[in-house]
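Engineer: Got a predicted structure here, sequence first:
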Amino acid sequence: MPALWAIDVASKKKYKCETKPTDLTVDIIDKWANDVFDGAIKPDFKSEDIPQPNDDPVTVVVGKNF
(Lines give C-alpha, C1' and ligand atoms only; values in the text may rest on other atoms or scores of the structure.)
Protein backbone atom coordinates (compact mmCIF):
# COMPACT_ATOMS: atom_id res chain seq x y z
CA MET A 1 0.00 0.00 0.00
CA PRO A 2 1.39 3.47 -0.80
CA ALA A 3 2.60 5.76 1.93
CA LEU A 4 3.45 9.44 2.18
CA TRP A 5 7.05 10.26 3.02
CA ALA A 6 9.20 13.39 3.06
CA ILE A 7 12.96 13.08 2.69
CA ASP A 8 15.40 15.82 3.65
CA VAL A 9 18.18 15.22 1.13
CA ALA A 10 20.75 17.34 3.00
CA SER A 11 20.42 15.52 6.33
CA LYS A 12 19.09 12.25 4.86
CA LYS A 13 16.28 12.22 7.42
CA LYS A 14 12.98 10.62 6.49
CA TYR A 15 9.54 11.60 7.75
CA LYS A 16 6.55 9.28 7.45
CA CYS A 17 2.93 10.38 7.50
CA GLU A 18 1.09 8.15 9.97
CA THR A 19 -2.32 8.77 8.37
CA LYS A 20 -3.61 5.81 6.37
CA PRO A 21 -3.44 6.50 2.60
CA THR A 22 -7.20 6.03 2.26
CA ASP A 23 -7.79 8.81 4.84
CA LEU A 24 -5.46 11.39 3.27
CA THR A 25 -6.97 14.70 2.21
CA VAL A 26 -5.39 17.87 0.88
CA ASP A 27 -5.80 19.52 4.29
CA ILE A 28 -4.11 16.60 6.12
CA ILE A 29 -1.22 16.55 3.64
CA ASP A 30 -0.82 20.34 3.90
CA LYS A 31 -0.74 20.26 7.72
CA TRP A 32 1.68 17.30 7.73
CA ALA A 33 4.04 19.00 5.26
CA ASN A 34 4.01 22.23 7.29
CA ASP A 35 4.72 20.24 10.47
CA VAL A 36 7.70 18.60 8.75
CA PHE A 37 9.07 22.00 7.66
CA ASP A 38 8.49 23.47 11.14
CA GLY A 39 10.26 20.55 12.88
CA ALA A 40 7.12 19.46 14.74
CA ILE A 41 7.43 15.89 13.45
CA LYS A 42 10.32 13.67 14.48
CA PRO A 43 12.25 11.79 11.78
CA ASP A 44 11.35 8.14 11.26
CA PHE A 45 14.15 5.71 12.13
CA LYS A 46 14.05 2.05 11.24
CA SER A 47 15.24 0.94 14.61
CA GLU A 48 14.41 -1.43 17.38
CA ASP A 49 12.90 0.09 20.49
CA ILE A 50 15.30 1.23 23.19
CA PRO A 51 15.90 -1.67 25.59
CA GLN A 52 14.33 -1.10 29.02
CA PRO A 53 17.06 -2.36 31.39
CA ASN A 54 20.04 -0.56 29.88
CA ASP A 55 22.27 -0.36 33.00
CA ASP A 56 24.48 -3.38 32.29
CA PRO A 57 28.25 -3.03 31.82
CA VAL A 58 27.66 -3.26 28.07
CA THR A 59 25.18 -0.66 26.87
CA VAL A 60 22.90 -1.75 24.06
CA VAL A 61 22.69 0.99 21.46
CA VAL A 62 19.98 1.15 18.81
CA GLY A 63 19.19 3.78 16.21
CA LYS A 64 16.79 5.68 18.47
CA ASN A 65 19.35 6.28 21.23
CA PHE A 66 22.57 6.51 19.23
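Structural biologist: Cool, got the structure.
Engineer: helix/strand/coil for the residue nearest the centre of the chain?
Structural biologist: Central residue check for the chain by C-alpha atoms, centre = their mean: the C-alpha nearest the mean position is that of Asp44, 2.0 Å away. Three-state assignment for Asp44 (DSSP: H, G, I helix; E, B strand; the rest coil): coil.
Engineer: For this structure, which segments count as helices?
Structural biologist: Assigned by DSSP state H, the helices in the chain fall at 26-38.
Engineer: quick one: low-confidence parts of it?
Structural biologist: Applying pLDDT under 70 to the chain flags the ranges 1, 54.
Engineer: one more time with 80
Structural biologist: 1-2, 53-56, 64-66 (pLDDT under 80).
Engineer: before we move on, back to that, spatially nearest residue to the residue nearest to the centre of the chain, not counting backbone neighbours?
Structural biologist: Among residues not flanking Asp44 along the chain, Lys16 sits closest, at 4.3 Å (C-beta to C-beta, 6 or more residues apart in numbering). Every residue, glycine included, has its C-beta placed from N, CA and C.
Engineer: how far away is the one you found from Ile50?
Structural biologist: As defined by C-beta to C-beta, to the nearest Å, Lys16 lies at a distance of 19 Å from Ile50.
Engineer: if we can go back for a sec, return the distance of the residue nearest to Asp44 relative to Gln52.
Structural biologist: Distance from Lys16 to Gln52, by C-beta to C-beta: 25 Å.
Engineer: Between these two, tell me which one has more neighbours.
Structural biologist: Neighbours were tallied for Lys16 and for Gln52 using other C-beta atoms under 10 Å; the higher tally belongs to Lys16 (13 against 6).
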